[in-house]
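Q: Quick one, structure for this:
(chains A and B)
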Amino acid sequence: MRRGAEISLALLGVAGVLAAAWAAPWLRFVLTIALAKGIAVLGILLLLRAGQVSFGHALYLSSGAYVVAFLAPSLPEALLLLPLAALIAGLIGLVAGLFLARYRDIFFGMLNLAISMVFYSLLEKLYELTRGTDGIRVEPPRVAGLALTLEAYVWAMLLVALVLAVGFGMLVRAYLASPMGQALAGIKTRETRLEFMGVSARRVLLAAYVLSALMGGVAGAIVGMTTRHVTPLLAYWTTSGELVFIAILGGAGGALGPFLGAVTYELVRVYAAAAFAEAWQAILGVVLLLVILFAPGGLWGMLLGLLGRRPGRAP
Amino acid sequence: MSEALLQARGLHLAFGGVKAADGIDLDVLRGEFLAIIGPNGAGKTTFLNMATGYLRPQAGTIAYEGESILGLAPRAIVRRGIGRSFQLPQLFTEHTVLENVALAVAAREGVWSPLRPLLRPAWREEATEVLARFGLATLAGARADALNEGARKLTDIAMAVALKPRLLLMDEPTSGVAAAEKMAIVETLARVLRETGVTAVFVEHDMDVVERFADRVAVWSQGRIAALGPPGTVLADPAVQREVIGIEGPGAAAAGLPGGIAAGHA
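A: This next block holds a predicted model:
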């Protein structure tokens, strides 16, 4: 369905990101963060397919970032830190998921929140290890063995984020069309039928949960290496809320939605914060309200609607 | 036709004061079509629920192919070859009819492939073929929640059949299906099951269907099997006619409630 159109849009998006980053240097940082958050939101989207909302995915974002913060001094190589962050976040997701996959709806959401807040407290209190709310500074690691100048490093991070965004976007797209993804959607509508077909709904949800945690870890590693300062705030519930916010803003209908949402979110935030320093959160709130009221499919749904209405295009 | 595929012995299950199963002994024979009839609340669905692991009996044993399946989860029982369709169709309402059946094919073949699509050529073809056998080919692309009751019922059964069970338990396969189509549907279903050698147990309220398709009939009453035998003999029994067939008449539904019957026999 619309495979060609989706690929064209993705390529258009990649070109757009590169053009914007080339034209406006300050956007490189913003876009890297947006792409990273988009990757984390892909995980939220997977869980939304099962009708489940996690209010605790900041746990995985921050795990990835702290893996970078802890290991960068002894292992200063971005291309090793990224898979390590993915692996560790994935393992935390597996352990937490074994417990969480038994729960649904509000219990699932709140237990995710609870676990992430425990992690937040640990990051804050274990000062000897984490330097508490001061956070940990990250020296720019090498990228593919090269020690880069700061400007080249910023570009490299953007390109890494872009490649990973495309890769995970394609992975999630394939996953959603696969029997595992379709069974995930079955959890939302008729979980008992899955059991009566011999399929463990828990394992279906667990698999998606681990993948979502892994992507959260990758996103966190990019955020850590880009901001180069990792604080417990990344694990705070507002960060989890932000990911859910972006998921709804972007729309859960396709793998491009999270990136559309994340880029919009970061840009609105930057501009709104600059223009209305006191009211930018209110502006974001109003944007979300309008999206929920008038475009339940999110920005992605709006875009599809616009493209679909264009004459000469097959429905 | 003499060997027992499913063996239930002394099944007991009470919900509060209501005995939904009060000493059920039943052998389901390999290859037969066994109809279960009886008033509402007699424990027919409870029996199916116990046989598929959804409910656990408080006493008694159930064996399938000579091995106990007591205490196994529905998932494990399905994997052993016992399929189930539902009185209220249990469909994935946001999926198309084709995807529903393809998911059942996937469930049988193994769902754990995250990169290949559900509607891969082989599975799409098999699901399409199953739908064609049930006369649902034209509805393949329709969303499951847009179907009428009859089509939903058939899709539900098609999903159970796509799992290729050796024993299929069907809870009122024809309820909600338009009277005009009923016989044609059961005809199709019976043919599909006979072709593939599937043993079937079905709860049924339509005595014409029972008479025509069942090899044996079990009459349920207050959690017990009141009569068991070929339809010709059982349905001619005056007591069965009074208790079961009479109660099936219009306006008599209230009399079928468990409390009503229990009071009548107290």
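Q: mind listing the strands in the stretch 1-150 of chain B by residue range?
A: B:4-15, B:18-29, B:33-37, B:59-64, B:67-68, B:82-85 (DSSP state E, counting those that start in this stretch).
Q: What is the helix or strand containing A:Ala85 packed up against?
A: A:Ala85 belongs to helix A:78-100 when assigned by DSSP states H and E. Applying 3 or more CB pairs under 8 Å, 6 or more residues apart in numbering or on different chains; DSSP states H and E, one finds that helix A:78-100 contacts helix A:58-71, helix A:105-125, helix A:150-177, helix A:201-227. All C-beta spots, glycine's among them, are computed from the backbone N, C-alpha and C.
Q: Mean neighbour count, those: which tops it?
A: helix A:58-71 (a mean of 28; mean count of other CB atoms under 10 Å in any protein chain shown).
Q: Determine how far it lies from the middle of the whole chain.
A: With CA atoms, centre = their mean, to the nearest Å as the basis, helix A:58-71 stands 13 Å off its chain's centre.
Q: If you average the pLDDT over that helix, what comes out?
A: Helix A:58-71 shows a mean pLDDT of 95.
Q: Find out how far the host helix or strand of A:Leu243 is from the centre of the chain, if you would.
A: In this structure, A:Leu243 sits in helix A:237-250 according to DSSP H and E. Centroid separation for helix A:237-250 versus its chain: 9 Å, with CA atoms, centre = their mean.
Q: Now that helix: buried residues?
A: A:237, A:239-240, A:242-250 (16 or more other CB atoms under 10 Å in any protein chain shown).
Q: Around chain B, which positions in the stretch 51-200 of chain A sit nearby?
A: A:171, A:174-175, A:177-183, A:185-186, A:188-190, A:192-200 (CB under 8 Å from any CB of the partner chain).
Q: If I look at the closest residue to B:Thr45 other than its chain neighbours, what pLDDT would I see?
A: In space, and not counting its chain neighbours, B:Thr45 is closest to B:Asp171: 5.7 Å by CB to CB, 6 or more residues apart in numbering or on different chains. pLDDT, B:Asp171: 90.
Q: Please apply the same query to A:Ala255.
A: We note a pLDDT of 89 for A:Ala255 in this prediction.
Q: Is it in a helix, a strand, or coil?
A: coil (DSSP: H, G, I helix; E, B strand; the rest coil).
Q: Next: A:Ser54.
A: For A:Ser54, the assignment made with three-state DSSP gives coil.
Q: Show me the shaky parts of the stretch 201-315 of chain A.
A: Residue ranges of the stretch 201-315 of chain A with pLDDT under 70: A:309-315.
Q: Quick check: residues of it near chain B?
A: Residues of the stretch 201-315 of chain A lying near chain B (CB under 8 Å from any CB): A:204, A:207, A:211.
Q: Selecting buried members of the residues of the stretch 51-200 of chain A next to chain B in ChimeraX, what would you type?
A: Entered in ChimeraX, the line below selects the buried ones among these, by 16+ other CB under 10 Å:
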select /A:171,174,175,177,178,179,180,181,182,183,185,186,188,189,190,193,194,195,196,197,198,199,200
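Q: Tell me which entries of the residues of the stretch 51-200 of chain A next to chain B lie within strands.
A: Assignment to strands by DSSP state E places none of these there.
Q: Of the residues of the stretch 51-200 of chain A next to chain B, which belong to helices?
A: When DSSP state H is applied, these are split such that A:171, A:174-175, A:177, A:179-183, A:185-186, A:188-190, A:192-195 fall in helices.
Q: okay, which residue is most central for the chain?
A: In the absence of a named chain, this looks at chain A. A:Ala40 (1.5 Å; CA atoms, centre = their mean).
Q: Hmm, no, I was thinking of chain B.
A: Looking at chain B with CA atoms, centre = their mean, the centroid-closest residue comes out as B:Met170, 1.1 Å off.
Q: Quickly list what it is bridged to.
A: Beta-bridge partners of B:Met170, counted by DSSP bridges, are B:Ser85, B:Phe202.
Q: Surely it touches B:Ala160?
A: Yes - with contacts counted by CB atoms under 8 Å, B:Met170 reaches B:Ala160, the gap being 7.4 Å.
Q: shared neighbours of the two, anything?
A: B:84-85 (CB atoms under 8 Å, 6 or more residues apart in numbering or on different chains).
Q: Spell out which parts of the stretch 151-266 of chain B neighbour chain A.
A: Checking the stretch 151-266 of chain B against chain A by CB under 8 Å from any CB, the hits are B:159, B:163.
Q: Quick check: the residue of the stretch 151-266 of chain B nearest chain A.
A: Proximity of the stretch 151-266 of chain B to chain A (CB to the nearest CB) peaks at B:Leu163, 6.2 Å away.
Q: For residue 234, which residues are in contact?
A: Just going to use chain A. Contacts of A:Leu234 by CB under 8 Å, 6+ apart are A:58, A:61-62, A:65, A:220, A:223.
Q: Chain B is the one I meant
A: B:Val234 neighbours (CB under 8 Å, 6+ apart): B:217, B:219, B:227-228, B:240.
Q: Hmm, A:Ile292 is touching A:Ile248, no?
A: Yes - assessed by CB under 8 Å, A:Ile292 is found in contact with A:Ile248 at 6.7 Å.
Q: Check what pLDDT the residue lying closest to A:Phe55 once chain neighbours are set aside gets.
A: Nearest non-adjacent residue to A:Phe55, counting by CB to CB, 6+ apart: A:Leu113, 4.1 Å away. pLDDT recorded at A:Leu113 is 94.
Q: returning to what we had before: for B:Arg108, find the nearest of the helices and strands packed on helix A:78-100.
A: With CB to CB as the measure, helix A:201-227 is the member of the helices and strands packed on helix A:78-100 nearest B:Arg108 (15.3 Å).
Q: for the helix or strand following that closest one, packing partners?
A: Going down the chain from helix A:201-227, the next helix or strand is strand A:229-230, by DSSP H and E. On a contact count with 3+ CB pairs under 8 Å, 6+ apart, strand A:229-230 meets helix A:58-71, strand A:136-137.
Q: name the helices or strands packed onto the last one?
A: Same thing as strand A:136-137. helix A:58-71, strand A:229-230.
Q: Tell me the strands beside it, with direction?
A: Strand A:136-137 is paired, per DSSP bridges, with strand A:229-230 (antiparallel).
Q: If you count neighbours, what's buried in the helix or strand containing A:Gly38?
A: Using DSSP H and E, A:Gly38 falls within helix A:25-49. For helix A:25-49, the neighbour count (16+ other CB under 10 Å) marks A:27-49 as buried.
Q: so, in contact with chain B or not, that helix?
A: No - Helix A:25-49 stays out of contact with chain B when judged by CB under 8 Å from any CB, the minimum separation being 9.8 Å.
Q: That helix: how far from the chain's middle?
A: 5 Å.
Q: Surely A:His229 and A:Thr133 touch.
A: No - shown here, A:His229 and A:Thr133 do not form a contact pair, counting by CB under 8 Å, at 11.7 Å.
Q: OK, contacts around B:Trp123?
A: B:102, B:105-106, B:109.
Q: what's around B:Trp220, how many residues?
A: When counting by other CB atoms under 10 Å in any protein chain shown, one arrives at 26 neighbours for B:Trp220.
Q: what are the bridge partners for it, then?
A: In beta-bridge terms (that is, DSSP bridges), B:Trp220 pairs with B:Ile225.
Q: Who are the contact partners of residue 69?
A: Using chain A. Contacts of A:Ala69 by CB under 8 Å, 6+ apart are A:135-136, A:138, A:224, A:230.
Q: not what I meant, chain B
A: By CB under 8 Å, 6+ apart, B:Ile69 lies in contact with B:51, B:53, B:62-63, B:76-77, B:80, B:82.
Q: run the last query once more with 7 Å
A: B:53, B:62-63, B:77, B:80 (CB atoms under 7 Å, 6 or more residues apart in numbering or on different chains).
Q: Then A:Gly186?
A: A:193-194, B:92, B:103.
Q: Also B:Gly38?
A: Applying CB under 7 Å, 6+ apart, the residues contacting B:Gly38 are B:44, B:219-221, B:244.
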